[in-house]
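A.B. asks: sequence and predicted structure are below.
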Amino acid sequence: MELDSLYQEVILDHYKHPLHKGLSDEKSVQVHHVNPSCGDEITLNLIFEGDVVQDVTWDGVGCSISQASASIMSDLVHGKSVEQAFLALDAFSELMSSKGSIKGDDAILEDGVALAGVSKFPARVKCALLGWMAFKDAALQAREKEQK
Amino acid sequence: MSSLDVAAIKADFPIFQKRMRNDARLVYLDSGATSQKPAQVLEAERFFYTHHNAAAHRGSHLLAEEASTAYEGARATIAAFIGADSDEVIFTKSATESINLIAYSFSNTQVAPFVLTAGDEILVSEMEHHANLIPWQQLAKRTGAVIRWFSVTADGRLDLSNIDQLINERTKIVAITHQSNVLGTIPPVALITSKAHAVGAIVVLDACQSAPHFPMNVVELDVDFVAFSGHKMLGPTGVGVLWGRASLLAKMEPFLFGGSMIETVTMEGATWASAPRKFEAGVPNMAQAVGLAAAIDYLTNIGMSKIHQHETELTQYALDTLQTIKGLNIFGPLDTIDRGGVISFALEGIHPHDAGQVLDQYGVAVRTGHHCAWPLMRKYGVAGTTRASLYLYNDRSDIDALAEAITATQKYFKVS
């Protein structure tokens, strides 16, 4: 079924057992993002030291796609420099806007390539991007803070 | 058995010939968002463009005359449908615009009763669509008035226990839905209206989910304003209706200014035409108004009472059927008393967005999310619901298809 390209086992696993879910006590920056079309929400804590993502934790409510994507993202950017993390972010954004034409590079995106099928369902792309956009916002804010 | 010949009705709607994903037939259960359109409506719109198209109320040629006649004829059809005078029927682009029109009129005049001052109260309910909430929030911000609201009970009814505190001498506007777009609940409009009028408040009724589904008469309702949209009642998009009591429309200020709505204009200022013209600035949405009139003719030919009876029977069948599904919880009343054919539900362990996605694989079109009623979602502690909404072209086979697809969804996500 067409649906299986959307709901891969990897995604359902992340949905049922999300990584880094539950907010840390400490944080450099906290952001809260919503998807106004469906009401899904995410709160994300970022700990940032010397341009390296020390920790990302998050909490929120959402569909399997948004929850799995946040789980995959938080694990992926963990311990990475902001440059590397943003490289992955760009690769993921490209994958999401590909309408199914590319598969994604698993060397960069790891489990994130399992979300490739989402790009064929335009209404769900926003779900997949929710956590990533929250991370991007938090990282930019954290960077700005450090530069002050 | 159903009082309607659903097969014959369905045949009038070209969209039901479309094949959905996996070659499934279309099981359209999203009429609460927008209804499908019969060929008669599409043809009426097309016929206007091919035979009468010109700017209404302008020009001295034959087409201008025909366009004006068609547009005003549409107004008369809509007036008759709701038991109103033609001059009380204003065409807008949507029900949302209709409500905004009233809300703006309260902040650009000094003429009673359209004056709000700090401490005045606007009463709404917790089950309002954003379109009947945010315009009032903004009006309150502009004027210093206060928003108050009826709460919703756990079983999806309005909590009337504090109605005499909520409706008091400070209450100036009561804006209430005629039927919840999430729960299907029909609030006690007569009771609320009589109490509101006793304190001199104006009653605004959001009839988006009622006008398409059961007979409505503005004189019997005794409210002051009624707003509804064309596209939810088989009509085209881009046309809505505002009905207002003639005595109020005479005092009410317009909020869109320009051509058509004036009486005289000088370089220093202008005076307004009388209602409804003063509220219809610009060349009107003639083809859409004509399409809406054709939709109303279609509904009237079948009979609003028969449509209501059909939907009530089908709603009961849907409530009974869905309640047999384990792990499915319905929000809102579980019987058809003061309740229409809008059924929201949650599936344990499955987010509404995921449920809608799988249902779509079976051709079942439902709405998922917060339904533009975010406060109500917060009240129930959910991010959203899955909503099936019924209309005259639905029958039991659609409910059965929904139930089967729900069961398949639960299997897919391994929650059953």
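C.D. replies: Nice, thanks for sending it over.
A.B. asks: check which helix or strand residue B:194 maps to.
C.D. replies: helix B:189-198 (DSSP states H and E).
A.B. asks: low-confidence ranges in the stretch 251-400 of chain B?
C.D. replies: Of all residues in the stretch 251-400 of chain B, none has pLDDT under 70.
A.B. asks: ranges for the helices of it?
C.D. replies: In the stretch 251-400 of chain B, helices defined by DSSP state H, counting those that start in this stretch lie at B:286-302, B:304-323, B:352-361, B:374-380, B:396-412, listed in chain order.
A.B. asks: nearest to chain A, out of those?
C.D. replies: Evaluated with Cβ to the nearest Cβ, the helices of the stretch 251-400 of chain B place helix B:352-361 nearest to chain A, the distance being 3.8 Å. Using the backbone N, CA and C atoms, a C-beta is placed for each residue, glycine as well.
A.B. asks: can you tell me if the closest one touches chain A.
C.D. replies: Yes: judged by Cβ under 8 Å from any Cβ of the partner chain, helix B:352-361 and chain A are in contact via B:352, B:353, B:354, B:357, B:358, B:361.
A.B. asks: about what we covered before: columns mean neighbour count on top of the helices of the stretch 251-400 of chain B, output as JSON lines?
C.D. replies: Shown next, in JSON lines, are these (neighbours: other Cβ atoms under 10 Å in any protein chain shown):
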{"stretch": "helix B:286-302", "mean neighbour count": "23"}
{"stretch": "helix B:304-323", "mean neighbour count": "18"}
{"stretch": "helix B:352-361", "mean neighbour count": "24"}
{"stretch": "helix B:374-380", "mean neighbour count": "18"}
{"stretch": "helix B:396-412", "mean neighbour count": "18"}
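A.B. asks: elements contacting the helix ranked longest in chain A?
C.D. replies: In chain A, taking DSSP state H as the definition, the longest helix is helix A:122-147. Counting contacts by 3 or more Cβ pairs under 8 Å, 6 or more residues apart in numbering or on different chains; DSSP states H and E, helix A:122-147 packs against strand A:29-35, strand A:40-49, strand A:52-61, helix A:64-77, helix A:82-96, helix B:352-361.
A.B. asks: and the angle from it to helix A:82-96?
C.D. replies: Angle between the axes of helix A:122-147 and helix A:82-96 is 170 degrees (criterion: axes from the mean of the first three to the mean of the last three Cα atoms, to 10 degrees).
A.B. asks: between helix A:122-147 and helix A:64-77, how big is the angle?
C.D. replies: When the same axes, to 10 degrees is applied, the directions of helix A:122-147 and helix A:64-77 differ by 30 degrees.
A.B. asks: next, the buried residues of helix A:122-147.
C.D. replies: A:124-139, A:141-142 (16 or more other Cβ atoms under 10 Å in any protein chain shown).
A.B. asks: what about residue A:17, neighbour count?
C.D. replies: Neighbourhood size, residue A:17 [other Cβ atoms under 10 Å in any protein chain shown]: 10.
A.B. asks: no no, residue A:117
C.D. replies: 21.
A.B. asks: tell me the contacts of residue A:146?
C.D. replies: Contacts for residue A:146 (Cβ atoms under 8 Å, 6 or more residues apart in numbering or on different chains) come out as A:48, A:51.
A.B. asks: look up the pLDDT of it for me, please.
C.D. replies: Looking at residue A:146, its pLDDT is 81.
A.B. asks: who in chain A is up against chain B?
C.D. replies: Counting by Cβ under 8 Å from any Cβ, chain A sits next to chain B at A:1-3, A:6-7, A:12, A:37-41, A:61-65, A:121, A:124, A:127.
A.B. asks: find the nearest non-adjacent residue to residue A:13, please.
C.D. replies: Once flanking residues are discounted, residue A:13 sits nearest to residue A:68: 7.9 Å by Cβ to Cβ, 6 or more residues apart in numbering or on different chains.
A.B. asks: from memory that neighbour sits against residue A:16, does it?
C.D. replies: No: contact status for residue A:68 versus residue A:16: not in contact, 9.1 Å apart, counting by Cβ atoms under 8 Å.
A.B. asks: between these two, which has more neighbouring residues?
C.D. replies: For residue A:68 and residue A:16, the more surrounded residue by other Cβ under 10 Å is residue A:68, and the numbers stand at 31 against 14.
A.B. asks: ok, now which ones touch that one?
C.D. replies: Contacts for residue A:68 were tallied using Cβ under 8 Å, 6+ apart; they are A:10, A:11, A:12, A:13, A:14, A:15, A:18, A:114, A:115.
A.B. asks: before we move on, what about residue B:351?
C.D. replies: A:62, A:63, A:64, B:383, B:384.
A.B. asks: change it to 7 Å
C.D. replies: Contacts for residue B:351 were tallied using Cβ atoms under 7 Å, 6 or more residues apart in numbering or on different chains; they are A:62, A:63, A:64.
A.B. asks: of those residues, which is the nearest to residue B:86?
C.D. replies: Nearest to residue B:86 among the contacts of residue B:351: residue A:63, at 47.9 Å, using Cβ to Cβ.
A.B. asks: make sure that closest one is actually in contact with residue B:355.
C.D. replies: No: Residue A:63 is beyond contact range of residue B:355, at 9.0 Å (criterion: Cβ atoms under 7 Å).
A.B. asks: next to chain A, which bits of chain B? Give me the list.
C.D. replies: Residues of chain B found near chain A (Cβ under 7 Å from any Cβ of the partner chain) are B:21, B:351, B:353-354, B:357-358, B:361, B:368-370, B:374, B:377, B:383-384.
A.B. asks: return the per-residue confidence for residue B:2.
C.D. replies: Looking at residue B:2, its pLDDT reads 60.
A.B. asks: roughly how far apart are residue B:72 and residue B:301?
C.D. replies: 21 Å (Cβ to Cβ, to the nearest Å).
A.B. asks: wait, residue A:113
C.D. replies: Going from residue A:113 to residue B:301 by Cβ to Cβ gives 56 Å.
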